[in-house]
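Colleague: here's a sequence, model it:
(chains A and B)
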Amino acid sequence: MSLKNNKIKNPVTQPGSALNNKTGDWRTEKPIIDPNLCIGCSRCVKMCPDACMLMKLDKEGKLKAEVDYDYCKGCGLCASECPVKAILMEKE
Amino acid sequence: MKNNLKTQFLEGSRAVSLTVANIQPDVISAYPITPQTHIVEDLAKFKAQGKANYEYLLAESEFAAASIVVGASATGSRVYSTTSSQGLLLMMEVLYNASGLRLPLVMTIANRAVGGPINIWNDHSDAMAMRDAGWIMLFAENHQEAVDLHVIAYKLAEEFNLPAAINIDGFILTHSFESVIIPSKKDIKKYLPAYKPALGTYLNPERPVTLGALFTPDHFWLEKRRIDEDLKNILQVFPKNYKDWKKVLPSESPIKALLDDGLVEYCGPKNPETLLIAMGSIVGTIKECLKKDKKTGILKIRSYRPFPAKSVKKIIANCKNVAIIEKAMSSGANGPLYSDVMSSLSGFKGVSSNHIVGLGGRDINIETIKNIIKSAKRTQTKFW
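Modeller: This is a model prediction of the structure:
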């Protein structure tokens, strides 16, 4: 970001730097995943409009969903689409 | 006169366009509107006659003209535009972007009333509409000052990465003829070096950057604060810049100023009983009126943004009455200049009055000024 360099006055951003904007704090509700209920179908990954749902292997080698809270804006699509109701929306 | 400075008898618009041509911008785009038309016509003519080699882009509106120069400036070129009144309002969105993206646009505003009802004559309501846009705003009293301020504006704009507007009163300055010295390309080069922004601060495929992308609440206010800080920093360097330019082009004012730091100019007695504060061409009328008045002084605000609060405060401190004379109003409150002056005067014990004059080109003559001086003993807002 330009702010680090006081000599540059223009609000310039470098290519590929969009990830610096952690937009997760826009959220008012937070998706909480219950790994015991999650069947690893990855439907939430396909539904998430902000690519904040990740599938990861747990200790037993089973696929489980995880949320990237740095960018999740709490829209709740994942919770609504989850076929086993493994995702609950909680107030931030 | 020293050097080979030649005094010419020129129309205000011609003086401005000749100066702009000698400043040698890379890109000019403007849309004609009364009373700025002659400037645009001249600049287009210079190009058509092969006397200038800037890119002259036709625009379908002021919004387009402003957008063209913002785009051109974002690629690192020196740009120029000019407009008036409704045209300026149509540019408004772009004006905020120009300062927000820190692009050194320079624009002449031939000040004209904002409608409706429709009116083509001079006042400062258009300039006041862009007061908070983050631009450097300078007001010229006469042709020579208009010429000088254009060169100074480019210098400040390019040094601070902020856009600058030079306000010249429509018709009163744009369409009148006066003796004026036009600085040559060589003279200007001595003061204003070629514009070469650093790689990485503008759009160039050699080092790709994004200009003005999304700034979250964490960063946006910091950018805005930086604009404010830089505008205020200009107050520090303006006097030196002004003096430097005066060395290149020493043009003398017929009435000697007691104080002139570039930001403001004061003419009158050391301790005036009544102090008049005004901007633009009306100052000439006031000076003429005060020739025989030993008790009244006139403070001209040359730099309205940034506002030279300290200089103003210093001069006002010892006077009894202050009359702020302005060609604009803020309906439902006081005049904008009055508000700015008063907010910089903590502890002032004298009488202050606000005089809204010359709206929509209403004539202000010496008699009006005399009456204003008389009525300055009472706190009031008065329309003339």
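
Colleague: residue B:107 looks like it's in a strand, true?
Modeller: Yes: Residue B:107 forms part of a strand when assessed by DSSP: H, G, I helix; E, B strand; the rest coil.

Colleague: and the most centrally placed residue in chain A, how far from residue A:80?
Modeller: For chain A, the residue sitting closest to the mean C-alpha position, by CA atoms, centre = their mean, is residue A:52 at 2.7 Å. Using CB to CB, to the nearest Å, one gets 15 Å for the distance from residue A:52 to residue A:80. Any C-beta I mention is one placed from the backbone N, CA and C, and that applies to glycine too.

Colleague: now do the same contact list for the residue nearest to the centre of chain A.
Modeller: When the contact criterion is CB atoms under 8 Å, 6 or more residues apart in numbering or on different chains, the partners of residue A:52 are A:67, A:68, A:69, A:71, A:72, A:73.

Colleague: next: residue B:86.
Modeller: Residue B:86 makes contact with B:33, B:114, B:115, B:126 under the criterion CB under 8 Å, 6+ apart.

Colleague: secondary structure class for the residue nearest the centre of chain B?
Modeller: Ranked by distance to the mean C-alpha position of chain B (CA atoms, centre = their mean), the top residue is residue B:138 at 2.3 Å. Classification of residue B:138 into helix, strand or coil gives strand, according to three-state DSSP.

Colleague: bridged to it, which residues?
Modeller: For residue B:138, the beta-bridge partners under DSSP bridges are residue B:166, residue B:303.

Colleague: put the buried members of the contacts of residue A:52 into a PyMOL selection.
Modeller: A single PyMOL command selects the buried members of these (16 or more other CB atoms under 10 Å in any protein chain shown):
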select buried, chain A and resi 67+71+72+73
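
Colleague: in strands, which of the contacts of residue A:52 fall?
Modeller: Among the contacts of residue A:52, the members found in strands (DSSP state E) are residue A:67.

Colleague: in CSV: the contacts of residue A:52, plus pLDDT.
Modeller: Shown next, in CSV, are the contacts of residue A:52 (pLDDT from 0 to 100):
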residue, pLDDT
A:67, 97
A:68, 97
A:69, 96
A:71, 96
A:72, 97
A:73, 95
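
Colleague: okay, and for the chain, where does confidence drop off?
Modeller: I went with chain A, as the question did not name one. Counting by pLDDT under 70, chain A contains low-confidence ranges at A:1-6.

Colleague: oops, wrong one, chain B.
Modeller: Scanning chain B with the threshold set as pLDDT under 70 gives B:1-4.

Colleague: residues from it in reach of chain A?
Modeller: B:100-103, B:160-161, B:198, B:200-202, B:208-216, B:219, B:222-223, B:226, B:230 (CB under 8 Å from any CB of the partner chain).

Colleague: now those residues: which count as buried?
Modeller: Neighbour counting with 16+ other CB under 10 Å marks B:100-103, B:160-161, B:200-202, B:209, B:211-212, B:215, B:219, B:223, B:226, B:230 as buried within the residues of chain B next to chain A.

Colleague: what residues does residue B:125 make contact with?
Modeller: B:113, B:114, B:327, B:328, B:329, B:359.

Colleague: ok, residue B:59 next?
Modeller: Here residue B:59 is in contact with B:29, B:30, B:31, B:65, B:68 (criterion: CB under 8 Å, 6+ apart).

Colleague: list phi and psi for the closest residue to residue B:83 other than its chain neighbours.
Modeller: Closest residue to residue B:83 in three dimensions, ignoring its sequence neighbours and counting by CB to CB, 6 or more residues apart in numbering or on different chains: residue B:62, at 5.3 Å. Reported as degrees, to the nearest 10, the phi and psi values for residue B:62 are phi -70, psi -30.

Colleague: my read: residue B:62 touches residue B:87, true?
Modeller: Yes: in this structure, residue B:62 is within contact of residue B:87 by CB atoms under 8 Å, at 3.9 Å.

Colleague: what touches both of these two?
Modeller: Common neighbours of residue B:62 and residue B:87, using CB under 8 Å, 6+ apart, are B:31, B:33.
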